[in-house]
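J.: What follows is a predicted protein model with its sequence.
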Amino acid sequence: MKVTNVQVFPLKKKFGKILVSAAIVIDDAFVVMALRVMDGENGLFVGYPGHPQNDPQDGKNFTALVQPITREFREHIENVVLEEYQRVKANEANQD
């Protein structure tokens, strides 16, 4: 499987550590929306869509709706999404 298209969408207002939202197309056949590029303690990473769940023990928790199963595919997704994020960010900087 391969990501055949990736788009990143700037946020209209800042939302925590989320920098942009993103969507990917896999093998020109399946779209995954609501990915997030996030600025974490160890640098940038891609967050996957989740559904909030109330957990009585530790408050709000999230259940993953979509996530890659293999490490190789997760790394592939992260690489293409972060490359597109960096490209869009550089283009925005050049326009200023």
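T.: Noted; the coordinates are in hand. Numbering: from 1, shown residues only.
J.: Now the strand or helix carrying K14: buried residues?
T.: Assessed by DSSP states H and E, K14 sits inside strand 3-15. For strand 3-15, the neighbour count (16 or more other C-beta atoms under 10 Å) marks V3, V6, Q7, V8 as buried. No exception for glycine: its C-beta is placed from N, CA and C like everyone else's.
J.: Report the mean confidence score over stretch 42-60.
T.: Stretch 42-60 shows an average pLDDT of 80 in the prediction.
J.: and the residue lying closest to I18 once chain neighbours are set aside, what pLDDT?
T.: The shortest distance from I18 to any non-neighbouring residue, by C-beta to C-beta, 6 or more residues apart in numbering, is to R36 (4.9 Å). Per-residue pLDDT puts R36 at 94.
J.: For the helix or strand harbouring R36, which helices and strands make contact with it?
T.: Taking DSSP H and E as the definition, R36 sits inside strand 30-40. Contacts defined by 3 or more C-beta pairs under 8 Å, 6 or more residues apart in numbering; DSSP states H and E place strand 30-40 against strand 18-26, strand 43-47, helix 71-95.
J.: Flag every buried residue along the shortest one.
T.: By neighbour count with 16+ other C-beta under 10 Å, strand 43-47 contains the buried residues V46, G47.
J.: The next helix or strand after that strand relative to strand 30-40, how many degrees between them?
T.: Next in sequence after strand 43-47, counting helices and strands by DSSP H and E, comes strand 50-55. Here strand 50-55 runs at 60 degrees with respect to strand 30-40, directions being taken by axes from the mean of the first three to the mean of the last three C-alpha atoms, to 10 degrees.
J.: Lovely, talk soon.
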